[in-house]
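J.: from the sequence below, what's the structure:
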Amino acid sequence: MNAPLTDARAIVLIGPPNAGKTSLYNHLTGSRFKTVNYPGATVEFSVGHLRASASLEAEVVDTPGIVSLVPRSLDEQVAIDTLVHLDRIGQNRETPDLLLVVVDATQPERHLPLVRQIQRAGFPCIVALTMNDIARKRGRPVDVNRLSELLGIPAVEVDGRSGDGLTELVSALEESCRSIEAAAPSLPESSSDETIWNDFLWADDLVRRCVPPGEPLHAKISTLDRVALHPVFGLVVFAAVMTGLFWSVFSAAAPFMDWTESFFAWIGALVSASLPASWFTSLLVDGVIAGFGAVAVFVPQIAILFLALGLLEDSGYLARGAMLADRVLSLVGLNGKSFVPLLSANACAIPAAMAARTIPGRKERMLTLLVIPLMSCSARLPVWGLLLAFLVPRDKPWLGGFALASIYLLSLVFASVAAFVGGKLLRIPPSYTGFQVELPLWRTPTFRTVVVSAWDRTLGYIQRAGLTILGVSIAFWLFMTFPSQQHSFATMAGRILEPLLAPMGVDWRVGIALIAAFAAREVFVSALAVVYSIQGADQSSAGLIQAMRQATFDGSNQHVFTFASTAGLVVFFLIALQCLSTVAVMRRETSNRFALGQMAAFIALAWILASITTQGLRLLGIP
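T.: Below you'll find the predicted structure:
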């Protein structure tokens, strides 16, 4: 929980999605901030100290995007409630001292009505006008001085991506905070159609008075959009973009993975040579270093995934992806609003479940939550890296990229089937009323912004997963070592599970790694590394793969890891083993019954399909 502030002002950023609000927030706070949850809800707010000012002590709060003070979804409701309950996210006041309303200059007709609602509600505010550089290039820039005059409040032009205009914006914040008068704002309970219509008429009149005459920038469909949103070519382009993304994840990361692997191998050798042989040395080398290093080697792949997604998002392509996805998702009971949570789930299922709060319809939201664990999150990436490295020749990275893209495509297929079946089973009337999204103009991504975002997300992954991997690696080493390596606790547990694992074609060692994966999916890799390190295998990823190639069932020459059994594991991980944190969030978002039933159903289905895959390949003559 945040410590309340006694002297600092509270400035809240508010505005529609895709208006450049978060980029501006990063400039104001130095891109270093903390996230907090609104009590009773899993909607996150970013809170950071205003670092761009020398004279103003202020906390800046970044809220989820809204288009009106009258909410249409759960996350909008929480974001708007925060404006009169700021104390619930750790501030020492109920209402903010100042609202910084972000308006996109390329679509002022749509964004200015929110400014009028905020003024009518009695909130002190100023306007940050973003993307006016793009509007200027298109011949329709907003006259920011005239806009300020007509609104009766400060309006400042600022580029949220480059930081141009930030000095002027901070000066306006300082001046506004010095002249703040006591106010008692109140939120509207509802808004009639007539009021909404009048707000848009007011915005149109305002635009005519401060924007050169001409057709609105979003009135024409660009050549890029004619291709990107085409019902046939758009899907082809989308498939090509996603395939290229996954190829880069698999092949471009290879040299960085080699460096990471060499580093941990050097650390392990150094510790082993520096300390006398003992159980403690074995714990450090075979438990901590081998376990953590087995997952850390895949961090470059995760970083490249975040970087590529950032480039697509900053360019404006992901919003087009949501439009394309709506056509397909609506066939299985979802809509385009589900696209962002499902895409977020490729990074982590936890924020994806939170993002599902943007979906207005209850049935669509529940179906989205149902299938989120089926998306291939970044925690699965080390698993895919290990299993595909076993299956794919190292000199054919293009084949690995194709296989990785196929895995992500399969996750979409499984999710679609689960949504369709779940829609038949959930006794909730559908509430689909059509999908609307504001498409941002195409723009060249700002490399610095994308890199900083990818760095923060990768660092967040390491911080979140690091302690889990470290703790599980130590615990796993202990269970694998005591009371003896031949009769350890982990060995006994694995042998109990072995009959269940036989149809999947794997043995007790894989079984205990699967148990460990409930803590976090990527722990499967570190658990296998600990198992084979204790059994004398090389600690590098190449050594782990070699150990997998040589592993046989006890008392037999039959190999454990074959093409069939490894393919079965891929199918198993596609469906099962959502981590316990995901289960906890699902429970909070839905109910105990839903979360536990979801976990049990996916594990059972994964076991069945993995067994069918393994045995089916063997029947076809593929060992």
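J.: list the helices and strands the longest helix seen in the chain packs on?
T.: For the chain, the helix that runs over the most residues, judged by DSSP state H, is helix 447-481. Where contact means 3 or more CB pairs under 8 Å, 6 or more residues apart in numbering; DSSP states H and E, helix 447-481 is packed against helix 21-29, helix 279-282, helix 290-296, helix 299-315, helix 489-501, helix 508-516, helix 523-534. No exception for glycine: its C-beta is placed from N, CA and C like everyone else's.
J.: repeat the analysis, applying 7 Å as the threshold.
T.: Here helix 447-481 is seen to pack against helix 290-296, helix 299-315, helix 489-501, helix 523-534 when contacts are counted using 3 or more CB pairs under 7 Å, 6 or more residues apart in numbering; DSSP states H and E.
J.: strands of the stretch 1-150 of the chain, start to end?
T.: Per DSSP state E, counting those that start in this stretch, the stretch 1-150 of the chain carries strands over the ranges 9-14, 34-37, 44-49, 58-62, 98-104, 125-130.
J.: the ones you listed: which one's closest to Ser338?
T.: strand 44-49 (18.9 Å; CB to CB).
J.: pLDDT of that closest one, averaged?
T.: In this model, strand 44-49 has an average pLDDT of 78.
J.: then stretch 402-422?
T.: For stretch 402-422, the mean confidence score works out to 86.
J.: which of the helices and strands packed on helix 447-481 comes out lowest on mean pLDDT?
T.: helix 290-296 (a mean of 75).
J.: helices or strands next to it in the packing?
T.: Using 3+ CB pairs under 7 Å, 6+ apart, helix 290-296 is in contact with helix 254-274, helix 447-481, helix 523-534.
J.: for it, list the C-alpha coordinates in CSV.
T.: The C-alpha trace of helix 290-296 is given here as CSV (Å, rounded to 0.1, in the frame of the first residue of the first chain):
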residue,chain,number,x,y,z
ALA,A,290,21.4,-24.5,-12.5
GLY,A,291,17.7,-23.9,-11.8
PHE,A,292,17.7,-20.1,-12.2
GLY,A,293,20.1,-20.2,-15.2
ALA,A,294,17.9,-22.7,-17.0
VAL,A,295,15.1,-20.1,-17.1
ALA,A,296,17.3,-17.0,-17.4
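J.: now do the helix or strand containing Phe602: which elements does it pack against?
T.: Phe602 belongs to helix 592-619 when elements are defined using DSSP states H and E. Other helices and strands packing on helix 592-619, by 3+ CB pairs under 7 Å, 6+ apart, are helix 563-575, helix 580-589.
J.: lowest-confidence helix or strand of the protein?
T.: strand 34-37 (a mean of 42; mean pLDDT, DSSP states H and E).
J.: quick one: which of the helices and strands packed on helix 290-296 is nearest Ala308?
T.: Minimum separation from Ala308 across the helices and strands packed on helix 290-296 (CB to CB) falls at helix 447-481, 8.6 Å.
J.: I'd like the distance from the closest one to the chain centre, please.
T.: 15 Å (CA atoms, centre = their mean, to the nearest Å).
J.: that older thread, now render the helices and strands packed on helix 592-619 as CSV, adding distance to Asp97.
T.: Putting the helices and strands packed on helix 592-619 into CSV (distance: least, CB to CB, whole Å) gives the following:
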stretch, distance to Asp97
helix 563-575, 49
helix 580-589, 32
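J.: right, and Gly385 touches Gln301 too?
T.: Yes. Between Gly385 and Gln301 there is a contact under CB atoms under 7 Å: 6.1 Å.
J.: and the pLDDT at the residue lying farthest from the centre of the chain?
T.: Distance from the C-alpha centroid of the chain, by CA atoms, centre = their mean, peaks at Gly555 (45.0 Å). Here, the pLDDT recorded for Gly555 equals 83.
J.: tell me how far it lies from Asp507.
T.: 11 Å (CB to CB, to the nearest Å).
J.: spatially nearest residue to the most centrally placed residue in the chain, not counting backbone neighbours?
T.: Residue closest to the average C-alpha location in the chain (CA atoms, centre = their mean): Ser344, at 3.6 Å. Using CB to CB, 6 or more residues apart in numbering and skipping residues adjacent in sequence, the residue nearest Ser344 is Ala352, 4.0 Å away.
J.: confidence score at that neighbour?
T.: The model's pLDDT for Ala352 equals 78.
J.: is it in a helix, a strand, or coil?
T.: Using DSSP: H, G, I helix; E, B strand; the rest coil, the structure places Ala352 in helix.
J.: for it, list the residues it contacts.
T.: Pro341, Ser344, Ala345, Ile372 (CB atoms under 7 Å, 6 or more residues apart in numbering).
J.: and the two most separated of these?
T.: Ser344 and Ile372 (8.6 Å).
J.: sorry, back to before: the residue nearest to the centre of the chain and Ile350 touch, don't they?
T.: No. In terms of CB under 7 Å, Ser344 does not count as a neighbour of Ile350; the distance is 9.3 Å.
J.: which residue ranges of the stretch 301-450 of the chain form helices?
T.: For the stretch 301-450 of the chain, the helices defined by DSSP state H, counting those that start in this stretch cover 317-329, 339-344, 349-355, 362-371, 381-391, 397-425, 447-481.
J.: got TSV for those, with distance to Val249 too?
T.: As requested, the helices of the stretch 301-450 of the chain are exported to TSV (distance: least, CB to CB, whole Å):
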stretch	distance to Val249
helix 317-329	17
helix 339-344	15
helix 349-355	18
helix 362-371	22
helix 381-391	8
helix 397-425	7
helix 447-481	12
